[in-house]
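Asks: All I have is the shape, not the residue letters:
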Ligand SMILES: Cc1ncc(COP(=O)(O)O)c(C=O)c1O
């Protein structure tokens with residue numbers, strides 16, 4: 001049996017005619033830069049995330065970059081973030097001339113640990129403060145502890161840029177201050193800005209690169225629009241150095257077709273995670289040797305009420321990870337290591353002396369993490385084969 005890590009064919013088959021028509025419409029319209037398709041998608045994503053504004057950009061990477069640029073973060077500044085994420089999180093920080101300040105991740109979620117953040121923020125007191133932004137990542141589709149992070153941000157008056165590239169639609173519960181009620185907020189609606197990627201492997205993927213920045217602050221939205229277009233306002237008058245970070249209308253029109261189906265895809269991914277849980281349990285593998293991605297807000301999942309985890313990736317942690325990966329691949333099962341090298345160990349940072357730093361939880365995750373197929377159309381038979389093959393590996 002063949003089980004790819006991701007199969008986009010079923011989606012493409014289902015929407016093929018609609019997408020071809022939408023692409024043809026854009027081509028026939030001769031409006032190829034920004035225009036009505038992009039404006040429509042911006043409103044749809046803003047509504048979906050529960051924010052007043054969204055600004056379409058060329059990629060998730062550029063969503064981060066333009067957010068940092070619009071905050072005028074640069075030389076001499078630090079951005080507090082996680083060492084365990086995709087490279088773009090850190091790359092965007094260094095590209096504006098700032099440097100990342102890493103806080104280790106939490107054991108269960110592998111998201112940035114608010115206790116470590118609190119220590120670093122405390123150390124940054126006295127003299128000129130260097131931490132100019134906080135950039136948590138909602139890794140694999142589960143929000144970082146945004147209640148704690150937003151409290152810290154308020155305490156130190158520092159803007160939060162959510163790297164929500166993997167987490168469109170993921171929700172986080174905020175306890176009501178007085179009445180004990182719980183308010184669920186979507187990724188991208190909690191910080192100053194939320195940065196999303198429409199890379200094809202994301203839960204909402206385009207047919208090329210694309211991204212968007214959400215924000216609750218209308219003035220910041222205007223700054224983002226200006227920076228996305230070379231910092232020009234009006235045309236040919238450049239108040240800032242921005243860039244060409246514009247979302248392509250062809251991508252926007254494809255995303256508008258797919259967005260209404262996102263909730264269903266989230267449900268299917270969540271159902272697949274429950275199937276994995278049962279299969280691993282039946283195989284007697286949970287805990288030893290396989291650690292499953294245990295969502296922090298499991299009760300919400302059971303109630304089915306909230307997408308606290310959208311399972312962009314289903315990442316287990318295992319001993320002898322590289323051997324298991326090779327074995328699964330030899331058995332035609334797609335799997336991937338997200339991520340094998342923590343950011344502080346990346347060669348491109350060598351000149352900044354991060355190499356001697358130690359983030360033990362992140363480093364252990366980099367040794368043990370393995371993503372299994374979780375896409376919506378995955379069948380029970382395919383999942384059974386994946387778990388049986390893992391059981392075979394550890395019993396041989
Ligand atoms: C956590 C994270 N941040 C940023 C990005 C960058 O997004 P893009 O590939 O659209 O530039 C990604 C993409 O995989 C990501 O996973």
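Replies: Now that the structure is in, tell me what you want to look at. Just so it is clear, the model here is predicted, and its values are computed rather than measured. Residues are numbered from 1 along each chain as shown.

Asks: Strands of the chain, start to end?
Replies: Per DSSP state E, the chain carries strands over the ranges 53-57, 78-81, 99-102, 131-135, 161-163, 171-175, 182-186, 193-197, 211-215, 314-317, 369-372.

Asks: Looking at the ones you listed, which is nearest to the ligand?
Replies: For the ligand, the closest of those is strand 193-197, at 3.2 Å, according to Cβ to the nearest ligand atom. Just so you know, the C-beta spots here come from the backbone N, C-alpha and C atoms, and that holds for glycine as well.

Asks: So which other helices or strands are in contact with that closest one?
Replies: Judged by 3 or more Cβ pairs under 8 Å, 6 or more residues apart in numbering; DSSP states H and E, the packing partners of strand 193-197 are helix 60-70, strand 161-163, strand 211-215.

Asks: Serialize those to CSV and add fields for mean neighbour count and distance to residue 28.
Replies: Listed next are these as CSV, based on neighbours: other Cβ atoms under 10 Å; distance: least, Cβ to Cβ, whole Å:
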stretch, mean neighbour count, distance to residue 28
helix 60-70, 28, 27
strand 161-163, 30, 36
strand 211-215, 30, 25
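
Asks: can you list these in JSON lines and add mean pLDDT and distance to residue 1?
Replies: What follows is the helices and strands packed on strand 193-197, written out as JSON lines (pLDDT from 0 to 100; distance: least, Cβ to Cβ, whole Å):
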{"stretch": "helix 60-70", "mean pLDDT": "98", "distance to residue 1": "33"}
{"stretch": "strand 161-163", "mean pLDDT": "98", "distance to residue 1": "35"}
{"stretch": "strand 211-215", "mean pLDDT": "98", "distance to residue 1": "35"}
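
Asks: got the ones you listed as TSV, with distance to the ligand columns?
Replies: Below are those laid out as TSV (distance: least, Cβ to the nearest ligand atom, whole Å):
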stretch	distance to the ligand
helix 60-70	2
strand 161-163	5
strand 211-215	5
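
Asks: Save the strands of the chain as JSON lines, and put in distance to residue 254 too.
Replies: Output for the strands of the chain, formatted as JSON lines (distance: least, Cβ to Cβ, whole Å):
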{"stretch": "strand 53-57", "distance to residue 254": "12"}
{"stretch": "strand 78-81", "distance to residue 254": "30"}
{"stretch": "strand 99-102", "distance to residue 254": "33"}
{"stretch": "strand 131-135", "distance to residue 254": "28"}
{"stretch": "strand 161-163", "distance to residue 254": "23"}
{"stretch": "strand 171-175", "distance to residue 254": "25"}
{"stretch": "strand 182-186", "distance to residue 254": "22"}
{"stretch": "strand 193-197", "distance to residue 254": "14"}
{"stretch": "strand 211-215", "distance to residue 254": "13"}
{"stretch": "strand 314-317", "distance to residue 254": "25"}
{"stretch": "strand 369-372", "distance to residue 254": "25"}
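
Asks: quick revisit: residue 115: which of the helices and strands packed on strand 193-197 is closest?
Replies: The closest approach between residue 115 and any of the helices and strands packed on strand 193-197, judged by Cβ to Cβ, belongs to strand 161-163 at 19.4 Å.

Asks: Find me the pLDDT at the residue lying closest to residue 201 once chain neighbours are set aside, would you?
Replies: Leaving aside its chain neighbours, residue 201 sits nearest to residue 6 (5.5 Å; criterion: Cβ to Cβ, 6 or more residues apart in numbering). pLDDT for residue 6: 98.

Asks: Report the distance from stretch 14-33 to the chain centre.
Replies: 27 Å (Cα atoms, centre = their mean, to the nearest Å).

Asks: Mind listing what's buried along it?
Replies: 19, 22, 23, 26 (16 or more other Cβ atoms under 10 Å).

Asks: which other residues reach it?
Replies: Stretch 14-33 has contacts (Cβ atoms under 8 Å, 6 or more residues apart in numbering) with 12, 35, 37, 207, 246, 248-250, 253-254, 256-258.

Asks: Buried ones from those residues, can you make that a ChimeraX selection?
Replies: The following ChimeraX line selects those of the contacts of stretch 14-33 that are buried, judged by 16+ other Cβ under 10 Å:
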select :37,207,246,248,249,250,253,254,256,258
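
Asks: Including pLDDT, could the contacts of stretch 14-33 go into TSV?
Replies: Below are these laid out as TSV (pLDDT from 0 to 100):
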residue	pLDDT
12	95
35	97
37	98
207	97
246	98
248	98
249	98
250	98
253	98
254	98
256	98
257	98
258	98
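
Asks: give the contact list for the residue nearest to residue 201.
Replies: Contacts were defined as Cβ under 8 Å, 6+ apart; by that measure residue 6 touches 201, 334, 373, 375.

Asks: The second one and residue 5 touch, don't they?
Replies: Pointing back at residue 334 there. Yes. Using Cβ atoms under 8 Å, residue 334 makes contact with residue 5 at a distance of 3.1 Å.

Asks: any chance of the helices and strands packed on strand 193-197 in a markdown table, plus distance to residue 139?
Replies: As requested, the helices and strands packed on strand 193-197 are exported to a markdown table (distance: least, Cβ to Cβ, whole Å):
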| stretch | distance to residue 139 |
| --- | --- |
| helix 60-70 | 13 |
| strand 161-163 | 9 |
| strand 211-215 | 17 |
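
Asks: With that, I have no additional questions.
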